[in-house]
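Student: Everything below, folded, please.
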Amino acid sequence: MIKHILFLVCLASSLSGSAQLTVTNSSYIFVDGNGFTEAANVAPLFVTGAINLNEADSKIYLRNEAQIIQGNTASTNSGVGQLSVQQTGNTNQWAYNYWCSPVGNNSAAAGNESARVGLIDESIGLTDSNNANFTSGHNGTASPLTISNRWLYAFVVSDEYSEWNGLDETTAIDPGLGFTMKGMGTTLTPGASSQQYDFRGKPNSGTITNSVAAGQFTLVGNPYPSALDAADFLWDSQNTNIDEANPFEASMTGALYYWEQSPNSNSHYIEDYVGGYATYTCTEPDGSDNVNESFVPAPYLFYFADGTASSPPGNNGGAIKAAKRYIPIGQGFMVEGAAGIQIESFIYVKNSHRDFYKESSSDSEFFRTSNENTNNNNSDASQYDENGYFLVSSDYKRFRFAASFNGLYSREILANFHDTATNGFDYGMEGKSPSVLETDIHWTFENEDYVIQAHSFNIELKIPLVVKIKHQQPVTFGIFDIQNFDASQPIYVHDIENDIYVDLREQNYSINLPAGDYTTRFEITFQNAETLDIENITAKDFMVFQNTKNSELTVLNPNGLDIKSVTLFDITGKIVINAQNLGAQNDYSFSTQSLSEGVYVANITVASNQSISKKVVIKN
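Tutor: Model (predicted):
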């Protein structure tokens, strides 16, 4: 029995031995995470067996990123007392967080129990809290904490927007299932950007399963009061194997999808939503427990009333979060059932997937709009470069490919290379696209769309690139985050129709594309089939500006390059000026008297079919 322990900062710092923790009535354990730093075989509170919170006033408080780890056996916690663990979400009342409760109801029965959103309390002190209020109105409030139940949803074995399941504060949510909830407004202390919540109930433990099906998505999450190791979860044998002889064998595609919404969201109407899904996967841990992570950020998209995605808004700045290996307490995410599953199956999360890893550390991040952390522990910062990109091991190669559409937004996809990659699907090195837009790029395999793809590197390799264009517009291709390629190795985008090879390590490739789906026109190659005399042009070769006095668009060509065309696009992609075969003059002027004031994109194409795009502000 443990009774009246106030500040417990060194209990069970070794993961050896065996114990079962019981807290009696009117007794509590307070665990201060500030006393602990992540390390092998360390946990602020480790219990090899079950936890018994015996009576209603039996309490365990986890504060300052403290966590509980329980043994790998199928421990079943019991008792009507409560574990209290805190987490923060965004304050934006129009933006969703995806949650997963680390606790369930606290009945006398042993084992995990369903949770309710009503278990989320407002923290008002070190150990005290008030139950949250609920409203059927559109907006919640921060003080007193009031949650709008209009935005509480689950998503289970579904692939249609209409299949979101509405919840309320009394709905039982099975252990391990995620749910959505919006922020509580902006009435917190000035400067604060996150709302603190207090999950109270019986701590989840042991193996937890939830349903998946082929090509269907389920919103799940980290169901424990500790970090969840994404690598252990993704590579658990019960989550990776597809056994057609045993259709109940669990399996998923190996990618986790995290929702992120723009911090500037300011509407509850679906047509005004601006957000998207980021994609994460990783390789199987090696003998030293190292993995190679692959992550593609969420493009911020517009949405139609039926929930389908449209193009991103112009100059939206892109997503700001990066999924990492250790999934924080309370984080929800989507998983997709693998294609080989014939009927509904299951995914598994287990105590063996749990680790003590603080959210404030370098390899863990909660998908909310706030970037605030309580600590600044960067013990694993060497895994990432100064831009936050994961540094793969020396036996891997990779690069990121991006397309900029009309100079207004871009889409990023990732290419991995390793000797073990096959011509088929490579679990842990590839990720399917969570959505394909009207104007977009992606890799492709067996008619499936990918944002992360893997290959065994070969100098003769040709990688198909699919480009979708809704309206005619200038498109620019480029690469970055190039890792472990020889400095002399070119990486070409091959425009098959124009028979042009452009080494993207030397320059971007810009081109005007009419509306259409380009499934066979572009590819990535590593050698040039022919020696082409391509005139290398740069932005410095031209000056483009508005002559306001004369209401003219002026293009200066100081190097006397042979200009094939000058095309001006408005913000919708409509062509408003299209001048052809201009020759090698030093300057050109085009009337803009009929144009509205605003931002336009000028595209200049030279005789070699290379293009340069420049923004210009028209004011008459």
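
Student: Surely F346 touches V212?
Tutor: Yes. The criterion here is Cβ atoms under 8 Å, and F346 meets it with V212 at 6.7 Å. The way it works is simple: take the backbone N, C-alpha and C, and place the C-beta from them, glycine included.

Student: These two: which has the busier surroundings?
Tutor: V212 (26 against 19; other Cβ atoms under 10 Å).

Student: tally of neighbours for the nearest residue to the more buried one once chain neighbours are set aside?
Tutor: Once flanking residues are discounted, V212 sits nearest to G337: 3.6 Å by Cβ to Cβ, 6 or more residues apart in numbering. Taking other Cβ under 10 Å as the neighbour definition, G337 ends up with a count of 25.

Student: so G337 bridges to which residues?
Tutor: A214, M252 (DSSP bridges).

Student: For it, give me the pLDDT.
Tutor: Per-residue pLDDT puts G337 at 91.

Student: same question, the one 10 residues further on
Tutor: The confidence metric pLDDT takes the value 92 at I347.

Student: is it fair to say it lies in a helix?
Tutor: No. I347 sits outside any helix when classified using DSSP: H, G, I helix; E, B strand; the rest coil, being strand.

Student: That one: neighbouring residues, count only.
Tutor: When neighbours are defined as other Cβ under 10 Å, I347 has 22 of them.

Student: Please report how far it lies from Q507.
Tutor: 45 Å (Cβ to Cβ, to the nearest Å).

Student: Pull stretch 539-555 out as PDB, backbone CA atoms only.
Tutor: Extracted in PDB, the C-alpha atoms of stretch 539-555 (Å, rounded to 0.1, in the frame of the first residue of the first chain):
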ATOM      1  CA  ALA A 539      15.200  34.700 -62.900                       C
ATOM      2  CA  LYS A 540      18.000  37.200 -63.300                       C
ATOM      3  CA  ASP A 541      17.700  37.000 -67.100                       C
ATOM      4  CA  PHE A 542      14.400  38.900 -67.100                       C
ATOM      5  CA  MET A 543      12.800  41.800 -65.300                       C
ATOM      6  CA  VAL A 544       9.000  42.000 -65.200                       C
ATOM      7  CA  PHE A 545       7.100  45.000 -63.800                       C
ATOM      8  CA  GLN A 546       4.000  47.200 -64.200                       C
ATOM      9  CA  ASN A 547       4.500  50.600 -65.800                       C
ATOM     10  CA  THR A 548       1.700  52.300 -63.900                       C
ATOM     11  CA  LYS A 549       2.000  55.600 -65.700                       C
ATOM     12  CA  ASN A 550       1.500  54.000 -69.100                       C
ATOM     13  CA  SER A 551      -0.800  51.100 -67.900                       C
ATOM     14  CA  GLU A 552       1.600  48.600 -69.400                       C
ATOM     15  CA  LEU A 553       3.300  45.300 -68.400                       C
ATOM     16  CA  THR A 554       7.000  45.700 -69.200                       C
ATOM     17  CA  VAL A 555       9.400  42.800 -69.800                       C
END
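
Student: So which residues make contact with that stretch?
Tutor: Here stretch 539-555 makes contact (Cβ atoms under 8 Å, 6 or more residues apart in numbering) with 556-559, 561, 563, 566, 568, 577, 587-593, 602, 604, 612, 614, 616-620.

Student: Give me the subset of these lying in strands.
Tutor: Assigned to strands by DSSP state E, the following of these qualify: 556, 563, 566, 568, 577, 587-591, 602, 604, 612, 614, 616-618.

Student: now these: which count as buried?
Tutor: 563, 566, 568, 577, 588, 590, 602, 604, 612, 614, 616, 618 (16 or more other Cβ atoms under 10 Å).

Student: Now flag whichever of those is closest to N416.
Tutor: Using Cβ to Cβ, I612 comes nearest to N416 of those, at 30.9 Å.

Student: in the sheet, who's paired with the closest one?
Tutor: Applying DSSP bridges, one finds that I612 bridges with I604.

Student: got it, and A278?
Tutor: Here A278, judged by DSSP bridges, has bridge partners Y258.

Student: How far away from the center of its chain is stretch 284-295?
Tutor: 19 Å (Cα atoms, centre = their mean, to the nearest Å).

Student: Start and end of it, how far apart?
Tutor: Across stretch 284-295, the terminal residues are separated by 15 Å (Cα to Cα, to the nearest Å).

Student: Now do the buried residues in that stretch.
Tutor: So for stretch 284-295, counting by 16+ other Cβ under 10 Å, buried means 291-295.

Student: got the contact list for it?
Tutor: By Cβ under 8 Å, 6+ apart, stretch 284-295 touches 231-232, 235, 278-283, 322-325, 390, 392-393, 396, 398, 414, 416, 428-429, 431, 452.
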